[in-house]
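Trainee: Fold the following and give me the result.
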Amino acid sequence: MLINVENLGRLVIEYIEEAGKTTILFLDTFTGIFSGKSNIRLILDQMVKIGIDSIPIAITSAFFVGMVFAVQIATEFVKFGAGKYIGGVMGIAVARELAPALTGIVISSRVAASITAEIGTMKVTEQIEALNSLGSNPIKYLVIPRFLACIFMMPLLTILSDICSFFGGYFVSVYLIKINSVDYLNSAQQLLKYNDIYGGIFKSFIFGIIISIIACRKGLNTKGGAKGVGEATTSSVVASLIALFIVNYFLSVLLFK
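Mentor: Next comes the predicted model:
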């Protein structure tokens with residue numbers, strides 16, 4: 001029992017320490033954005049890698065998740081004579097939760113791993129120390145472009161996911177469940193509010209901050225050669241996903257009471 005308590009205490013201390021260092025990195029990144037000019041070319045390069053290159057997987061995942069969700073709710077709604085409300089329920093679910101959460105999961109799985117592996121490789125090959133010796137700030141050169149690209153592209157990818165998920169549900173509801181298309185669209189127009197859409201986009205903005213900072217932190221803290229890069233990459237994906245799920249709950253409570 002004593003060993004378990006000691007291990008638990010050590011884990012808690014390590015968690016608090018890691019959370020503190022991640023917060024410090026966020027503050028350094030945030031202040032660094034306003035202290036001097038950022039490299040626009042690096043930011044645009046990262047926007048392509050994080051955003052443009054993620055579009056195919058994001059919209060494909062969103063479309064089929066929207067179809068699956070529609071299959072689950074449309075059949076039950078029709079049984080109870082509430083088929084005309086499917087579009088509204090679909091729109092609310094997509095805007096509030098499905099699109100931002102799904103986009104966050106996709107980006108976390110794809111981009112967080114890439115960022116951590118790239119920065120981690122630079123760390124273990126001493127390229128970051130070389131940047132310091134040349135007078136370049138690693139946060140300015142490595143973290144800020146990825147941070148800005150992530151918070152810019154996440155909302156845009158979420159909007160695309162909104163559209164694809166909603167029309168994935170439309171396809172299933174209208175062509176497979178045989179719901180009236182006018183009822184589907186009218187229901188969405190009546191029940192879906194601008195606050196639902198804006199709230200989901202705001203959540204994706206926060207998710208972008210979380211993913212980029214955790215991924216960069218894990219990369220900068222990489223040790224132990226190639227094995228360490230692999231461990232840091234895995235840890236980055238796991239940590240960012242857990243953080244997304246936790247933060248998503250509290251944001252949902254605050255935004256959609």
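
Trainee: so residue 212 makes contact with residue 116?
Mentor: No: counting by C-beta atoms under 8 Å, residue 212 does not reach residue 116; the two are 10.6 Å apart. C-beta here means a position set from N, CA and C on the backbone, and glycine is covered the same way.

Trainee: Residue 55 and residue 106, how far apart?
Mentor: From residue 55 across to residue 106, the span is 10 Å (C-beta to C-beta, to the nearest Å).

Trainee: the more surrounded of these two?
Mentor: For residue 55 versus residue 106, neighbours defined as other C-beta atoms under 10 Å are more numerous around residue 106 (19 against 14).

Trainee: and the residue nearest to residue 114 when sequence neighbours are not counted, what is it in contact with?
Mentor: Spatial nearest neighbour of residue 114, excluding adjacent residues (C-beta to C-beta, 6 or more residues apart in numbering): residue 49 at 7.1 Å. Residue 49 makes contact with 111, 114, 149, according to C-beta atoms under 8 Å, 6 or more residues apart in numbering.

Trainee: does residue 49 sit in a helix, a strand or a coil?
Mentor: Secondary structure for residue 49, judged by DSSP: H, G, I helix; E, B strand; the rest coil, is helix.

Trainee: And it, what's its pLDDT?
Mentor: pLDDT recorded at residue 49 is 90.

Trainee: Over to the one 10 residues further on?
Mentor: Per-residue confidence for residue 59 comes out at a pLDDT of 92.

Trainee: List the buried residues of the helix or strand it falls within.
Mentor: Residue 59 belongs to helix 55-79 when assigned by DSSP states H and E. By 16 or more other C-beta atoms under 10 Å, the buried positions in helix 55-79 come out as 58-59, 61-63, 65-67, 69-70, 73-74, 77-78.

Trainee: what's the burial count for the residue nearest to residue 210 when sequence neighbours are not counted?
Mentor: Take residue 210 and drop its neighbours on the chain: the residue closest to it by C-beta to C-beta, 6+ apart is residue 243, 5.1 Å away. As a burial measure, residue 243 scores 19 neighbours (other C-beta under 10 Å).

Trainee: Might one say that residue 243 is in contact with residue 209?
Mentor: No: with contacts counted by C-beta under 8 Å, residue 243 stays clear of residue 209, the gap being 10.2 Å.

Trainee: What's the separation between residue 216 and residue 170?
Mentor: For residue 216 relative to residue 170 (C-beta to C-beta), the value is 38 Å.
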